[in-house]
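**Q** got a structure for you, letters missing:
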């Protein structure tokens, strides 16, 4: 039996999603809890890796299970085992054998949170990027417009990126303010390594007034990572939603 | 010179606001940072104590300072000293000698957050009370209506309460839902010890369907702590706003 999992986690104490020797990761924590519950070695296949410190409100994964449990039974047994770590199974659903969390995914959505006020966060520590100087979100929104669509995103691609191509189609990139908080939302079929954080770092430079919105078009066309802004901190990033072919 | 401070803190690592021997508190942490900055023993007078684990988005306090610093200088110097603890000075303002954070306060507002969904919080751990069973907020709102006004709140008063009277005037008590989150907001000139958490514990019983809204009127009139609901967890409570005579 194959089950689809919808997962929320606080990325702070984890070295990212993917299992790695000697460090705590979300995948490993889930696999150990499943292996304990199912009494057999279990692999948890994620839709996408998140970096160290990145959070998820809607990561999706799947497992194969030797026995036919009800989704509620799995959810209850697992959340009990996860009660001392900041990971929770929001939903568990039985799916067909043709479902694959990674290969069936048709779009991924992320949200980046910037706390834009003079004083550092106390309650939102490790949950936001803190920017003390006021950012101009109208300029950021204008700049974002140049990044939407099908482009060579080499300027926003980390050197360790394993994608076979720098071309991606960005379906959505918006900037909105809610009080002190700036939310940058984006969606694409898939992203290059660090693409979201590098785009946000570039939009931040625009919001500070250091770069014009049009400069972002030039940066994109330069296809040169050194032209774009810095990679912003992981702790402001949330994997929010993954869509699948129905 | 007297300065008014507006303070945000994450109550999780603190044993409440008030200085106590041998345990970390918000007041002590602030006093140590001020004493270091001002190079003289400094007392931080808070508007109200918060219990262990209770958060603040808008605690107010005042200090007396031997030298005339600009508010921005104080804010910057203090937030630098507080950078490794989840306390931040949101605002610093010069005030007259007749201002007193505790005695000049004319109203206090709190918010209580309940995460009402099947699965425990990962991202909101230590920030909410988790209630798995769906709560009926229309019933809770109706019950809240009986508590508004001038009453003897003995049924909602902790036995350790040091107030000279059980009479308080509750100006506001509302219940609203935003997605999975239920927000209970309340305001009064002052509250009895544990009054907010005991009122929330009682409203929760109503939301679960265990008690009718009218039962809350009976509980209030019984003036007996044993009749009301339990004291809910501290971690869902936020001190949000304190008002002063202008």
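**A** Yep, that arrived. Keep in mind that this is a model prediction, so the values were computed, not measured. Numbering: from 1, shown residues only, chains lettered A, B, ... in the order given.
**Q** show me the contacts for the closest residue to residue A:10 other than its chain neighbours.
**A** Nearest-residue entry for residue A:10: residue A:86, 3.7 Å, with adjacent residues in sequence omitted and distances by CB to CB, 6 or more residues apart in numbering or on different chains. Using the backbone N, CA and C atoms, a C-beta is placed for each residue, glycine as well. Taking CB atoms under 8 Å, 6 or more residues apart in numbering or on different chains, we find residue A:86 in contact with A:9, A:10, A:12, A:13, B:122, B:123, B:125.
**Q** one more time with 6 Å
**A** Neighbouring residues of residue A:86 by CB atoms under 6 Å, 6 or more residues apart in numbering or on different chains: A:9, A:10, B:122, B:125.
**Q** for residue A:94, same thing?
**A** Each residue near residue A:94 by CB under 6 Å, 6+ apart is listed here: residue A:3.
**Q** What's the separation between it and chain B?
**A** 17 Å (CB to the nearest CB, to the nearest Å).
**Q** near chain B, which residues of chain A?
**A** By CB under 6 Å from any CB of the partner chain, the part of chain A that sits against chain B consists of A:8-10, A:79, A:86-88, A:90, A:119-120, A:122-123, A:125.
**Q** Show me the domain layout of chain A.
**A** If you go by automatic domain parsing, the domain ranges for chain A are A:2-95, A:107-244.
**Q** Export these as JSON lines, with columns for mean pLDDT.
**A** Rendered in JSON lines, the data for the domains of chain A read as follows (pLDDT from 0 to 100):
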{"stretch": "domain A:2-95", "mean pLDDT": "96"}
{"stretch": "domain A:107-244", "mean pLDDT": "97"}
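**Q** Dump these into CSV; add distance to residue B:209 as well.
**A** Below are these laid out as CSV (distance: least, CB to CB, whole Å):
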stretch, distance to residue B:209
domain A:2-95, 21
domain A:107-244, 32
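**Q** coming back round to it: of the contacts of residue A:86, just say which sits nearest to residue B:73.
**A** Nearest to residue B:73 among the contacts of residue A:86 is residue A:10, at 35.4 Å by CB to CB.
**Q** what does stretch A:175-185 contact?
**A** Contacts of stretch A:175-185 from elsewhere in the structure, counted by CB under 6 Å, 6+ apart, are A:111, A:112, A:114, A:115, A:116, A:117, A:137, A:140, A:141, A:144, A:174, A:200.
**Q** Sorry, wrong one. I was asking about stretch A:29-47.
**A** By CB under 6 Å, 6+ apart, the residues outside stretch A:29-47 that reach it are A:17, A:27, A:60-63, A:66, A:77-78, A:81-82, A:85, A:101-102, A:105, A:242.
**Q** wait, which of these is closest to residue B:204?
**A** residue A:82 (24.4 Å).
**Q** Look up phi and psi at the closest one.
**A** The phi and psi values for residue A:82, taken as degrees, to the nearest 10, are phi -100, psi 10.
**Q** Tell me the first helix or strand C-terminal of the host helix or strand of residue A:74.
**A** In the assignment (DSSP states H and E), residue A:74 maps to helix A:71-81. Where DSSP H and E defines the elements, the next helix or strand beyond helix A:71-81 is strand A:87-95.
**Q** and that next one with helix A:71-81, angle?
**A** 160 degrees (axes from the mean of the first three to the mean of the last three CA atoms, to 10 degrees).
**Q** Residue A:238 belongs to a strand?
**A** Yes - Residue A:238: assigned to a strand according to DSSP: H, G, I helix; E, B strand; the rest coil.
**Q** wouldn't it be in contact with residue A:58 here?
**A** No - Residue A:238 sits out of contact with residue A:58 when judged by CB atoms under 6 Å, with a separation of 8.5 Å.
**Q** So which of the two has more stuff around it?
**A** The neighbour count for residue A:238 versus residue A:58, taken as other CB atoms under 10 Å in any protein chain shown, is higher for residue A:238 (24 against 20).
**Q** Show me what the more buried one is bridged to.
**A** According to DSSP bridges, the partner residues bridging residue A:238 are residue A:55, residue A:111.
**Q** I'd like the distance between it and residue A:57.
**A** For residue A:238, the distance to residue A:57 (CB to CB, to the nearest Å) stands at 5 Å.
**Q** can you check residue A:34 too?
**A** Distance of residue A:34 to residue A:57, computed by CB to CB: 21 Å.
**Q** With residue A:106 instead?
**A** 19 Å.
**Q** higher neighbour count, those two?
**A** For residue A:106 and residue A:57, the more surrounded residue by other CB under 10 Å is residue A:57, and the numbers stand at 18 against 11.
**Q** Quick check: the more buried one touching residue A:6?
**A** No - counting by CB under 6 Å, residue A:57 does not reach residue A:6; the two are 9.4 Å apart.
**Q** Where do the strands of chain A begin and end?
**A** A:2-9, A:45-46, A:55-64, A:87-95, A:105-116, A:129-131, A:149-152, A:167-178, A:181-188, A:237-244 (DSSP state E).
**Q** Could you dump these into a markdown table with distance to residue A:209 added?
**A** Compiled in a markdown table, the strands of chain A are given as follows (distance: least, CB to CB, whole Å):
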| stretch | distance to residue A:209 |
| --- | --- |
| strand A:2-9 | 36 |
| strand A:45-46 | 39 |
| strand A:55-64 | 29 |
| strand A:87-95 | 40 |
| strand A:105-116 | 14 |
| strand A:129-131 | 13 |
| strand A:149-152 | 25 |
| strand A:167-178 | 15 |
| strand A:181-188 | 15 |
| strand A:237-244 | 24 |
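**Q** Done for today, thanks.
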